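Asker: structure, please.
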Amino acid sequence: MRFLQFSLYSILLASLVLITSCEDDIDFAGDHVETPVLFGLLDKNDSLHYVKITRTFGGSNNSLEVAQIEDSSYFQNVDIKIEEWASLPPNNVFTKIRTWTLKDTILTNKVPGAFYSPNQKVYYFQTDSYNSLNPPNIGDQNLLTALKDEATYKIIADVNGGQIVVNGETKLVTGMSITSPSGNGNYSFVKTVNGIKQYSSASLKANVGNAKVVDARIQFFFNEYFNGVPVQKSFIWKVGEQNGDQIQGSTSNFVASGETFYNLVKQNCTNDASITKREMTSIRLIMTGGSEDLSKYILVNQPSSSLAQNKPTFTNLTRTDGGPVIGIFSSRMTNKQDKLKFNPTLPNQRALDYLSIKELCAGPITGLLLFCSDNPIDINNGESWVCQ
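Answerer: Below is the predicted model:
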């Protein structure tokens, strides 16, 4: 699983971390109320599931300096369990099926900022990723079996031996799938109208299932060659996000601009004289849907348009002692569609259609970036922009 990506990936972690006390040189009156900040997303298409829990801090010290101390944001002891509950036949009694005790690990991918980096402690458990051809049975006790559509998942986070206990629950996002481009379809970013070349747009569509917020991204993979040795590069293009009422009916539609695509390719290619050529290798479409609670959380944490800057708060977490808690325990569903530059047995099946790959290799925006095509059709046609 790619940990905490997209605005359904990154906005949440950033907002959770930055929401902790970071006002400079504030001396709190009275006792500081320690508040847990918990964030977790379950995805049935993933095999690793992560939860992050930190704490707010306060006092008379400079908070910007304290924020750079790794231990300042962590509780001393945390035990996290996630339970799977479902109604079992024949009496449909709501029953606990499985329990995972999460392990802690250190990730080293945190972007530098106001808080310590690059290390961050997270808690995780492992399952199989979901296989629609062999879906898990609700009564399967194997801890590695994939998460189940019908189940409810409950989290219990015990802090410092019961000093604080955080609870939350979520259902899974289900029924989401990519419908455009089709499995054999391609991306068309250029067309000709009356013999005149124009940039066009690719249509991205998904059935949303029960998702209430949808994010669409394209990841473009290419190789840069140094003395004949390829080095893989890629960049991710966020095409758009739809939330709440922006989703109409059962589908979510996005438009990927061709001109934007070529400009992004140019921006993500370094000016290195030792590069001898570049080749596109594949295009990945990533469509991710989030639950209703996640949709609400994102909407609440968007920048305020009010001069007063007064914003509500939202969490689906509670504490057994009734104290404050920040964050969310929710779900998402990530769908990926990979298209190779061309099918080796059917080279007319391309990730980019003929005009689009020609534009990449010889167009005015990217034509000087040394992109070339090794597609047999282009080679047989004697195109000037094929790889040598």
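
Asker: if we go by neighbour counts, what in the helix or strand hosting Met287 is buried?
Answerer: In this structure, Met287 sits in strand 275-290 according to DSSP states H and E. Buried positions in strand 275-290, judged by neighbour count with 16 or more other Cβ atoms under 10 Å: 275, 277-281, 283-290. For every residue, glycine as well, the C-beta is placed using N, CA and C.

Asker: cool, stretch 291-306 as well?
Answerer: Applying 16+ other Cβ under 10 Å to stretch 291-306 flags Ser291, Glu292, Asp293, Leu294, Ser295, Lys296, Tyr297, Ile298, Asn301 as buried.

Asker: which ones among these are found in helices?
Answerer: The members of the buried residues of stretch 291-306 that map onto helices under DSSP state H are Glu292, Asp293, Leu294, Ser295, Lys296, Tyr297, Ile298.

Asker: adding distance to Gly175 and pLDDT, write the residues you listed out as CSV.
Answerer: Compiled in CSV, these are given as follows (distance: Cβ to Cβ, whole Å; pLDDT from 0 to 100):
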residue, distance to Gly175, pLDDT
Glu292, 14, 96
Asp293, 17, 97
Leu294, 16, 96
Ser295, 16, 95
Lys296, 20, 94
Tyr297, 21, 94
Ile298, 20, 92
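
Asker: how about TSV for those, with distance to Thr56 added?
Answerer: Output for these, formatted as TSV (distance: Cβ to Cβ, whole Å):
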residue	distance to Thr56
Glu292	27
Asp293	22
Leu294	22
Ser295	25
Lys296	22
Tyr297	18
Ile298	21
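
Asker: and the strands in the stretch 1-150 of the chain, which stretches?
Answerer: 36-43, 48-55, 78-88, 93-101, 103-107, 120-126 (DSSP state E, counting those that start in this stretch).

Asker: related to what we said a few turns ago, by contact count, what packs against the strand holding Met287?
Answerer: strand 201-207, strand 213-226, strand 229-243, strand 326-340 (3 or more Cβ pairs under 8 Å, 6 or more residues apart in numbering; DSSP states H and E).

Asker: do me a favour and average the pLDDT over that strand.
Answerer: Strand 275-290 carries an average pLDDT of 98.

Asker: what is the orientation angle of it with strand 326-340?
Answerer: Here the directions of strand 275-290 and strand 326-340 differ by 130 degrees (axes from the mean of the first three to the mean of the last three Cα atoms, to 10 degrees).

Asker: make TSV from the strands of the stretch 1-150 of the chain and add distance to Asn160 to it.
Answerer: Shown next, in TSV, are the strands of the stretch 1-150 of the chain (distance: least, Cβ to Cβ, whole Å):
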stretch	distance to Asn160
strand 36-43	10
strand 48-55	10
strand 78-88	8
strand 93-101	17
strand 103-107	15
strand 120-126	15
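
Asker: which of those strands is buried the deepest?
Answerer: Of all the strands of the stretch 1-150 of the chain, strand 36-43 has the most neighbours on average by mean count of other Cβ atoms under 10 Å, namely a mean of 24.
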